[in-house]
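J.: sharing a model that was predicted from the sequence below.
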Amino acid sequence: MNKTKAWGIHSLIQQTQTLPTGAVCARKQETLPCLPHHTVINKYSDAQLREIIKQMRERTDVYKGKLLDPYASSPEHSPPVINTSSNIKPRGKKDKRNTVLISNQSNNHRPAKIFLNTPMYYMAPVSALYKKNKIKISILAYSFVCSSLDRWYIIWLSIVTIALNYNLWFIPVRMAFPYHTPGTVPLWVTLDVLADLIYIIDMLVFQPRLQFCIAGDIIYDRTVIKKNYRDSRKFQYDLISVMPLDLLYMPFGFRSLFRINRIMKVSFYEFSDRLEGIMTKAYIWRVIRTIGYLLFVLHINSCLFYVASEYQGIGTNKWVYSGEGNAYLRCYYFAVRTLINIGGLPEPHTIFEITFQLANFFVGVFVFSSLIGQMRDVIGAATAGEMYFRTSMDACVAYMVSNRIPKLVQHRVRTWYNYTWASQGILDESELLEQMPQVMRTAIAVDINLATFQKIDLFKGCENQMLVDMLLRLKSIVYLPGDFVCKKGDIGKEMYIIKAGEVQVIGGPDNKTVFVTLKAGCVFGEISLLQSSANGGNRRTANVAAHGFANLFVLDKKDLNDILIHYPESQKVLARKGRTLMKAKDSAAVGTEEQRKKGLELFGGKPATPKMLRAFGKFNKKGFLEKLKVRTQFL
Ligand SMILES: Nc1nc2c(ncn2[C@@H]2O[C@@H]3COP(=O)(O)O[C@H]3[C@H]2O)c(=O)[nH]1
């Protein structure tokens, strides 16, 4: 039986594939595939097969549409970038192999260049022509352009930042403390050379290839990028930072003072910004950065204290460094106590000592107050969402108390606040999305919910774009256990899609009978929404209550109608489904108790038993055998 059915469907599909879409069937005069007589088993199976084929066709159309226009369904894939810097001539034939020249009408038929690249990398191959043999050899990956948001670039920036920090922390310490001993010099030289190499590679390889924006256009052209870098202030700082002042070692000896220009490299803030851009919890980095500033100020102060002690004479009085123990650690300890104004240190006596200490206190007050303020801002920003939640809940509770709202209601409101916050991390999702441009909202909505929507039976056959429009109008709402989402007889103004949790269609005396439990991904409330108000069809046909906490998406009738105006085909599909649902509901009124329990009476009740079989009474195995028995008795 299955084989026959499978063969039937297969042959049908084959036939429909060979038929042009919309071919008029001579037999039935309808736009359905013609079937040879021998494949029609009975009317019912015939209709079912036709329905399957129709659905398959619709799916094929959807996929065809996606293939033709990948950007329509995947807004995150931006179309190829058109190079707008056509006024700058590319050098020689360098870019030819990786670019496509297209005719640009608006540009006096001058070809416009479309780069075949991802937004991250633009690989410009170089073609080398063997003069005699005319063999083209392309060397790929010779030159590239990288985006400032590219992870590889950020990794490189972190290497540059390590080199910068090496210079920032060690140049002062080597200048102040006696750390240039014959034993340590080779180590310092090696580290210095390494850091310098990183600076030079950054200047020669990365910075001149960093794409940038002019009036919203991303520039990929190597020549323009290089020129832009050379004209920038960043280049000037970079140039100063790599100037070989180290050559002064020769006349004056090995002193880290001659490397002071290395701290002019300004890559730290760039690194910090880029890192924040890609981190999910950027505040962690901000806290680390602020602590880093604090430690650095203390570090510089400890260096200054050692220099001051040396100037006064190490161990000459109680205020200066005594010369005992680890010099750096002792000086750092002094810096912490003075700069943070902890006090408890020996009193300064000489004018120099008093001036130094005074300067320390002033700088300490200023630096620490600003750092503490910065830390508060960072933590405040990280917990802003929670603060907003607490403030609005407190305001609501205060309002309920002042209006003497019953305790039970107050308790429910608090529960709603707490659950909504715990489950969504935000009270109103739409608030967050409102600030974004439409394309971003669409991308987020599609990513989160489109797959769920496409699986919903009610929307099968509807256009994809219509579903996307619908996603954008959804509002998220949380119902508490036992809350009525809709009541029988009410006017239906919204339909619901279950995001998480369950709802129950209930009825009977005291609403205790559960007809059906609907889970995540189910739709309800659609019947009254899809009916016209003319014959009272817009009334709710059942009570629906939340079973446990239920996160629902709500779609307003007005919004649905607004959308459907633009999608007449989908409108027809939904109207047809609405009628089918209503018919099924009506016929279910006479359905069995068992069916009702299963909640089958509304959707997909069994087709009516044919008259002839009804003559046998109940059309089940038992009833059928009983009838047979009776008949054989007569024979
Ligand atoms: N699955 C299922 N859903 C029902 C049943 N009865 C009512 N509903 C849903 O409950 C909703 C109540 O409001 P509507 O009449 O608008 O739409 C109704 C259906 O979506 C049923 O028997 N089975």
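T.: Arrived safely, thanks for sending.
J.: quick check, pLDDT for the residue of the stretch 151-300 of the chain found nearest the ligand.
T.: Residue of the stretch 151-300 of the chain nearest the ligand, by Cβ to the nearest ligand atom: residue 280 (38.5 Å). From N, CA and C alone the C-beta is placed, and that goes for glycine too. As predicted, residue 280 sits at a pLDDT of 85.
J.: what does residue 339 give?
T.: pLDDT, residue 339: 85.
J.: also residue 228?
T.: 91.
J.: burial measure for residue 349, as a count.
T.: Close neighbours of residue 349, defined as other Cβ atoms under 10 Å, add up to 11.
J.: for it, what are its contacts?
T.: Residue 349 sits next to 317, 319 when contact means Cβ atoms under 8 Å, 6 or more residues apart in numbering.
J.: distance of it from residue 403?
T.: Separation of residue 349 from residue 403 (Cβ to Cβ, to the nearest Å): 69 Å.
J.: for the residue most central in space within the chain, which non-adjacent residue is spatially closest?
T.: Closest to where the C-alpha atoms of the chain average out (Cα atoms, centre = their mean) is residue 444, at 6.6 Å. Leaving aside its chain neighbours, residue 444 sits nearest to residue 433 (6.7 Å; criterion: Cβ to Cβ, 6 or more residues apart in numbering).
J.: one more: residue 200?
T.: residue 242 is the one closest to residue 200 (Cβ to Cβ, 6+ apart), at 6.0 Å.
J.: quick one on the thing from earlier: mind pulling the model confidence for the residue nearest to residue 444?
T.: 74.
J.: show the pLDDT at the closest residue in space to residue 352 that isn't next to it in sequence.
T.: Once flanking residues are discounted, residue 352 sits nearest to residue 312: 6.8 Å by Cβ to Cβ, 6+ apart. For residue 312, the pLDDT comes out at 90.
J.: can you check residue 497 too?
T.: You'll see residue 497 listed with a pLDDT of 92.
J.: my read: it touches residue 551, true?
T.: No - counting by Cβ atoms under 8 Å, residue 497 sits too far from residue 551 to count as a contact (10.0 Å).
J.: between these two, which is the more surrounded one?
T.: The residue with more neighbours, out of residue 497 and residue 551, is residue 497; 24 against 18, by other Cβ under 10 Å.
J.: quick one: residues contacting that one.
T.: Taking Cβ under 8 Å, 6+ apart as the contact definition, residue 497 lies against 452-453, 456, 474, 521-523, 552-553, 555.
J.: wait, a helix at it?
T.: No - going by DSSP: H, G, I helix; E, B strand; the rest coil, the assignment for residue 497 is strand, not a helix.
J.: and it, bridged to which residues?
T.: Applying DSSP bridges to residue 497 gives these bridge partners: residue 523, residue 553.
J.: now it: how far from residue 540?
T.: 17 Å.
J.: could you do residue 165 as well?
T.: From residue 165 to residue 540 the distance is 66 Å (Cβ to Cβ).
J.: more crowded one of the two?
T.: Using other Cβ under 10 Å, the more surrounded residue of residue 165 and residue 540 is residue 540, with 20 against 15.
J.: so what's the more buried one up against?
T.: Contacts of residue 540 (Cβ under 8 Å, 6+ apart): 486-492, 525, 527-528.
J.: in ChimeraX, how would I select the buried members of those residues?
T.: To isolate the buried members of the contacts of residue 540 in ChimeraX, using 16 or more other Cβ atoms under 10 Å:
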select :486,488,492,525,527,528
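J.: among the contacts of residue 540, name the ones in helices.
T.: Secondary structure defined by DSSP state H assigns 527-528 of the contacts of residue 540 to helices.
J.: closest one to residue 470 out of the contacts of residue 540, please.
T.: Taking Cβ to Cβ as the measure, residue 470 lies nearest residue 525 of these, at 14.2 Å.
J.: so the closest one sits against residue 491, correct?
T.: No - at 11.4 Å, residue 525 does not count as touching residue 491 under the criterion of Cβ under 8 Å.
J.: any idea which element the residue nearest to residue 444 lies in?
T.: helix 429-434 (DSSP states H and E).
J.: what residues sit buried inside the following helix or strand past that helix?
T.: Per DSSP H and E, the first helix or strand lying C-terminal to helix 429-434 is helix 438-445. Buried residues in helix 438-445, counted by 16+ other Cβ under 10 Å: 441-442, 444-445.
J.: which is the succeeding secondary structure element to helix 438-445?
T.: Following helix 438-445 toward the C-terminus (DSSP H and E): helix 451-455.
J.: tell me who's in contact with the residue of the stretch 251-400 of the chain found nearest the ligand.
T.: The ligand sits closest to residue 396 of the stretch 251-400 of the chain, with a gap of 29.5 Å, by Cβ to the nearest ligand atom. Residue 396 sits next to 413, 417 when contact means Cβ under 8 Å, 6+ apart.
J.: so how many other residues sit close to residue 282?
T.: Counted with other Cβ under 10 Å, residue 282 comes out at 16.
J.: strands along this protein, start to end?
T.: Along the chain, the stretches classed as strands by DSSP state E are 99-103, 111-115, 121-129, 136-146, 212-214, 217-219, 475-479, 484-486, 494-507, 513-518, 523-524, 543-556.
J.: which one of the buried residues of helix 438-445 sits closest to residue 266?
T.: Out of the buried residues of helix 438-445, the member with the shortest distance to residue 266 (by Cβ to Cβ) is residue 444, at 35.1 Å.
J.: please report how far that closest one lies from residue 389.
T.: From residue 444 to residue 389 the distance is 21 Å (Cβ to Cβ).
J.: start and end of stretch 513-523, how far apart?
T.: 20 Å (Cα to Cα, to the nearest Å).
J.: for that stretch, what is the average pLDDT?
T.: 90.
J.: buried residues, it. List them.
T.: So, applying 16+ other Cβ under 10 Å, buried residues of stretch 513-523: 515-516, 518, 522-523.
J.: which residues touch residue 254?
T.: Per Cβ under 8 Å, 6+ apart, neighbours of residue 254: 180, 185, 188.
J.: out of those, which end up buried?
T.: Using 16+ other Cβ under 10 Å, the buried ones in the contacts of residue 254 are residue 188.
J.: residue 153 and residue 210 touch, don't they?
T.: Yes - Residue 153 lies in contact with residue 210 (Cβ under 8 Å); the separation is 7.3 Å.
J.: can I get the contacts of residue 497 in TSV with distance to the ligand?
T.: Below are the contacts of residue 497 laid out as TSV (distance: Cβ to the nearest ligand atom, whole Å):
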residue	distance to the ligand
452	17
453	16
456	12
474	17
521	13
522	7
523	7
552	12
553	14
555	12
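J.: farthest pair in the buried residues of stretch 513-523?
T.: Most distant of these, by Cβ to Cβ, are 515 and 523, 15.8 Å apart.
J.: contact partners for residue 558?
T.: residue 493.
J.: any idea how far it is from residue 350?
T.: For residue 558, the distance to residue 350 (Cβ to Cβ) stands at 83 Å.
J.: how about residue 243?
T.: 39 Å.
J.: ditto for residue 320
T.: In terms of Cβ to Cβ, residue 320 sits 10 Å off from residue 350.
J.: for residue 334, same thing?
T.: Counting by Cβ to Cβ, the gap from residue 334 to residue 350 is 16 Å.
J.: repeat for residue 280
T.: For residue 280, the distance to residue 350 - Cβ to Cβ - is 54 Å.
J.: looking at these two, which has the bigger crowd around it?
T.: residue 350 (12 against 5).
J.: might one say that the more buried one is in contact with residue 308?
T.: No - assessed by Cβ under 8 Å, residue 350 is found out of contact with residue 308, at 10.4 Å.
J.: pLDDT weak spots in the chain?
T.: Counting by pLDDT under 70, the chain shows low-confidence ranges at 1-41, 62-146, 148-149, 532-537, 585-635.
J.: could I get the contacting residues of the residue in the stretch 351-500 of the chain positioned nearest to the ligand?
T.: Taking Cβ to the nearest ligand atom as the measure, the stretch 351-500 of the chain has residue 492 as its residue closest to the ligand, at 4.2 Å. Contact analysis of residue 492 by Cβ under 8 Å, 6+ apart lists 486, 525, 527-529, 531, 538-540, 557.
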